[in-house]
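A.B. asks: any chance you can model this:
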Amino acid sequence: MSGIVGVWNLDGRPLAPGLLDDLGVALAHRGPDGDGAWVEGSVGLACRLLRVTPEAARESQPCVSPSGTALVFDGRLDNREDLLASLEDARSVGRDAPDAALVLAAYEVFGERLPERLSGDFALGLFDPHRRQLLLARDAMGVRPLYYCRRAHLIVFASEIKALLVHPDVPARPDDELLARFLLDDIRGREGRTFFEGVSSVPPACVAIVTPGGCTTRRYWDFDPSRRTRLGSFQEYAAAFRHHFAQAVRRRLRSARPVAVSVSGGLDSSSILCLARRLAGSIDGHGPSVVGVAYTPPPGSPADERAFLAEIERQEGPVIERLPVVAMGLLNGCRDAVWHVEAPFVDEQWNTTVALFEAVQRRGCRVLLTGHWGDQMLFDQAYLVDLVRGLAWRQAMAHLGEYRRWFTDADPRWFTRRFALDLVKYSLPARLLPVLRRLRPRSPSAWYGNRLKQHARPWRRGASGSPPAGASAHARSLYEQARSAYHVLCMEWNNKVAAAHGLEMAFPFLDRDLVALLMGLPGEAQTWQGVPKALLREAMRGVLPDAIVRRTWKADFTDLVNEGMERDFFLVVGAVADGLAAQLGYLDRNAIREDVERVHEGLRSASAAAAWKLSDALGLELWLQAFWAKETWATDPAEHRGGPR
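C.D. replies: Sure, this is the predicted structure:
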């Protein structure tokens, strides 16, 4: 995790003195190990460096080739051996070259096709003075963020939006349309947009090529959901999964310092911790040490998983640092959270999140592995539609019934409703789905003002790009999960919050080769005999404690979230009813005050819906304060296109 930034005055004007330094300062938290800059007339690149891998010990950036091509790179390459083999004739790089140097050497061979040759988590900016073009590229899953602002005379890019906003010619303002999609409806169809009007993100698996004549974006790689992998038995499927899962974890253990795992005692994170400890010991005899960090809710709460942590330590030894869940403090700590994530999003457990990051820092770690996205990638019930299409109704119903044995704390009707929705979604022609959604009853929250409601409408749902018509429902569903714009936003938020604490966050369950394997497997093999995550459970036998392999419930933080929100309830209501969001027409203060008692009562229920409603409004308010408090705009955006000054 490093911070990269670049500016190109497309009209040929030399860069203003000190401009690149000013933009780089906004990314200083991403790179405590040094900074560098390269300026050539109207173009400048800069990097704030965090050294993570063994090869990065003496790395410096930007990298400049003898031909004059300059590169800034944030990332981790997973296919170094393949790249080195394809560059045998390139004498400028050796086996111990930093990833950035390897990428630059590969560009000299492959040119614009470079991104297709890269595998891992990365974002890069590369300027080729001979072709007079800037190449921006992002990894296949979108783990590393990369943003840019394109004006008639200018292109600016950076790892975080706050660096772009430092430039005096980036007149960003809130994107009201996207805010409405995020807060009132569905953001899954969003492609390359941010909450800042005029600022775009490079979509995952895409490359943007900028020249003085324009900017074009194309996808350089994608999953093939029509590809199918069929093996002879469940044990063979489990062995294939184990191979790819081990590869995914091993790739993210490439660190010169200890590696931490955020572990809860759940199946996903516990699998990563226990497997990582075995793999680290086999990496040429000098792999990194692996430690677990867990936050522990009060004893006896529905989120109490200490018994499972004890099972891990009974097997692995005292490898987990426990941190008590701390008070929420929404109006204090969450201001920092919103500034870091650059989005109207509040983490209701922010103080606990910070405590975990600080504990990881104290251990000397720079990489934090997490089990995020395991639920989405390892248990998706759309495969039941494939069973029905194959006339295996009895098997589909048996699987639905089996779910109840493994989710003892869930309402079994939820799975039945999900099954019915999937039948409709994957059976009707795609052209009819938007029509049905328009008929769906909708009632946007009364809390939101006309500034947002005027944009509310039934947006086309779905992923960025469409899987082929012949793909199974199982493969299509996983494809949509992998390409979900909301999930990409979440990855960007995780990256930026971790970067604020000098850490690199990595997600083994989002390894592109692992996800591609899961898309190709039959869903009934992944959920063998109706057992959720059966493939992971079987693959981890002998690695995980048996009590975790057989675990049948998930931690529930609803009570803790509601308690934290109730503690600050009247402060939060006052902040959103009398704040900047209401002043600018995003929130309706009268509607909020009329609804206060009902929402307050909702915090004492078994649902977190009331807390989420409050946190959405608070996130919007804190985001406006963080980035726009000194500015005001006319109600009609057309009256003030210039944005904040």
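A.B. asks: pull out the buried positions in the helix or strand hosting residue 104.
C.D. replies: Counting by DSSP states H and E, the element that carries residue 104 is helix 99-110. For helix 99-110, a neighbour-count test (16 or more other CB atoms under 10 Å) marks 99, 100, 101, 102, 103, 104, 105, 106, 107, 108, 110 as buried. Glycine gets a C-beta too; all of them are placed from N, C-alpha and C.
A.B. asks: next one: stretch 555-567
C.D. replies: The neighbour-count criterion (16+ other CB under 10 Å) identifies 555, 556, 557, 558, 560, 561, 562, 563, 564, 565, 566 as the buried residues of stretch 555-567.
A.B. asks: now do stretch 359-369
C.D. replies: Those would be 359, 360, 365, 366, 367, 368, 369, for stretch 359-369 by 16+ other CB under 10 Å.
A.B. asks: by mean pLDDT, flag the weakest helix or strand of the chain.
C.D. replies: Taking mean pLDDT, DSSP states H and E as the measure, the helices and strands of the chain show their lowest mean at helix 433-439, namely a mean of 57.
A.B. asks: can you list the neighbours in contact with the helix or strand following that one?
C.D. replies: Past helix 433-439, heading to the C-terminal end, the next element that is a helix or strand (DSSP H and E) is helix 450-453. Residues outside helix 450-453 that contact it (CB atoms under 8 Å, 6 or more residues apart in numbering) are 176, 179, 180, 183, 184, 444, 584, 585, 586, 635.
A.B. asks: check which helix or strand covers the second one.
C.D. replies: Assignment of secondary structure by DSSP H and E places residue 179 within helix 176-184.
A.B. asks: what is the rounded mean pLDDT of that helix?
C.D. replies: The predicted model gives helix 176-184 an average pLDDT of 89.
A.B. asks: and if you look at stretch 396-411?
C.D. replies: Summarised as a single mean, pLDDT over stretch 396-411 is 92.
A.B. asks: next one: it to chain centre, how far?
C.D. replies: 29 Å (CA atoms, centre = their mean, to the nearest Å).
A.B. asks: if we go by neighbour counts, what in that stretch is buried?
C.D. replies: Judged by neighbour count (16+ other CB under 10 Å), stretch 396-411 contains these buried residues: 396, 397, 399, 400, 402, 403, 406, 407.
A.B. asks: remind me, longest helix of the protein?
C.D. replies: Once the chain is assigned using DSSP state H, the helix that runs over the most residues is helix 609-628.
A.B. asks: buried sites along that one?
C.D. replies: Per 16+ other CB under 10 Å, helix 609-628 contains these buried residues: 610-611, 613-628.
A.B. asks: returning to what we had before: the inter-axis angle of the helix holding residue 179 versus helix 609-628?
C.D. replies: Orientation check (axes from the mean of the first three to the mean of the last three CA atoms, to 10 degrees): helix 176-184 against helix 609-628 gives 160 degrees.
A.B. asks: can you list the strands that whichever helix or strand comes after helix 176-184 pairs with?
C.D. replies: Helices and strands here follow DSSP H and E; after helix 176-184, the next one along the chain is strand 196-197. When pairs are called by DSSP bridges, strand 196-197 turns out to pair with strand 173-174 (antiparallel).
A.B. asks: hang on, the earlier thing: nearest to residue 119 among the contacts of helix 450-453?
C.D. replies: Within the contacts of helix 450-453, distances to residue 119 taken as CB to CB reach their minimum at residue 179, with 34.6 Å.
A.B. asks: helices or strands up against the longest helix of the chain?
C.D. replies: Helices and strands in packing contact with helix 609-628 are listed as strand 173-174, helix 176-184, helix 330-341, helix 558-567, helix 569-577, helix 580-583, helix 589-602; criterion 3 or more CB pairs under 8 Å, 6 or more residues apart in numbering; DSSP states H and E.
A.B. asks: quick check: the residue most central in space within the chain vs residue 144, distance?
C.D. replies: For the chain, residue 491 is the residue whose C-alpha lies nearest the centre (CA atoms, centre = their mean; 1.1 Å). Remark: distance between residue 491 and residue 144 (CB to CB, to the nearest Å) = 9 Å.
A.B. asks: residue 579 too?
C.D. replies: Taking CB to CB, one finds residue 579 at 33 Å from residue 144.
A.B. asks: compare these two (neighbour count), which wins?
C.D. replies: Between residue 579 and residue 144, residue 144 has the larger neighbour count (other CB atoms under 10 Å), namely 26 against 21.
A.B. asks: correct me if wrong: the more buried one contacts residue 123.
C.D. replies: Yes: the pair residue 144 and residue 123 passes the contact test of CB atoms under 8 Å, sitting 4.0 Å apart.
A.B. asks: any common contacting residues for those two?
C.D. replies: With contacts taken as CB under 8 Å, 6+ apart, the residues that reach both residue 144 and residue 123 are 74, 75, 138, 159.
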